[in-house]
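Chemist: Predicted model, plus sequence, below.
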Amino acid sequence: MTVGQLAGMIAAVAFVVLVIALVWFLVQVVKAIQQATANLADLTKEATELSHQADGILKNTNELLEDINDKADKVDPAFVAVGEVGQSVSDLNDASRDFMDHLAQRRARRNKWTTKLGEAVAVSLFNRLKNRKKEK
C-alpha cells in the first residue's frame, strides 16, 4: 500500500466516521423535534381545555353579575322606602315633641289660671267668713 492509498483510506474512514456522527446527530435532532412537537400538542390541548373552562367561568360570572344587578335594582326601592319611613318617623317624633311642648305650655297656663282662681275663691270665702263673723 502506498502513501496515497493510505491517505485515501484514512480520508475514507474519517468520512465514514463523520457521516456516522452526522447521522447520529440528525437522529437526536429528529427525536428532540418529535418530543417538542408532542409536548406542544399536549400544551395546545391543555390550553384549549383551559380556554373552554375560562369561557364557562366567564359566562357564569356574567350571569351572576346580571342576577346581582337585577336583584339590586329590585331591592333599591325597598331601601328608599325604608329611608322614607325613617324620615316619616323622625317627622312624627318632632311633631310629637312639639305637641307635648304645646300641652305643657297649656298646662302651665291652666295651672297659673287655676291657682289665681283658687286664690280669688279662697280670698272671697275668707272675706265672706269674716263678714259673717262681723254681722253676728
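Modeler: Right, received. Where do you want to start?
Chemist: in the chain, which residue is closest to the centre?
Modeler: residue 68 (10.6 Å; CA atoms, centre = their mean).
Chemist: Angles on the backbone of that residue, please.
Modeler: phi -60, psi -40 (degrees, to the nearest 10).
Chemist: what's the pLDDT at it?
Modeler: Confidence at residue 68, expressed as pLDDT, is 91.
Chemist: ditto for the one 5 residues further on
Modeler: Residue 73 is assigned 86 on the pLDDT scale.
Chemist: From residue 80, how far out is it?
Modeler: Plainly put, residue 73 is 12 Å away from residue 80 if you go by CB to CB, to the nearest Å. No exception for glycine: its C-beta is placed from N, CA and C like everyone else's.
Chemist: swap in residue 91?
Modeler: 16 Å.
Chemist: So, low pLDDT: which residues of the protein?
Modeler: Scanning the chain for pLDDT under 70 picks out the ranges 135-136.
Chemist: what distance separates whichever strand or helix holds residue 92 from the centre of its chain?
Modeler: Residue 92 is part of helix 3-135, with elements assigned from DSSP states H and E. Offset of helix 3-135 from its chain centre (CA atoms, centre = their mean, to the nearest Å): 1 Å.
Chemist: which helices and strands sit right next to that helix?
Modeler: Using 3 or more CB pairs under 8 Å, 6 or more residues apart in numbering; DSSP states H and E, no helix or strand is in contact with helix 3-135.
Chemist: what about the closest residue to residue 1 other than its chain neighbours, neighbour count?
Modeler: Closest residue to residue 1 apart from its sequence neighbours, by CB to CB, 6 or more residues apart in numbering: residue 9 at 7.7 Å. Other residues lying near residue 9 total 11 when counted by other CB atoms under 10 Å.
Chemist: now residue 9: how far from residue 15?
Modeler: From residue 9 to residue 15 the distance is 11 Å (CB to CB).
Chemist: Same check on residue 59?
Modeler: For residue 59, the distance to residue 15 equals 65 Å [CB to CB].
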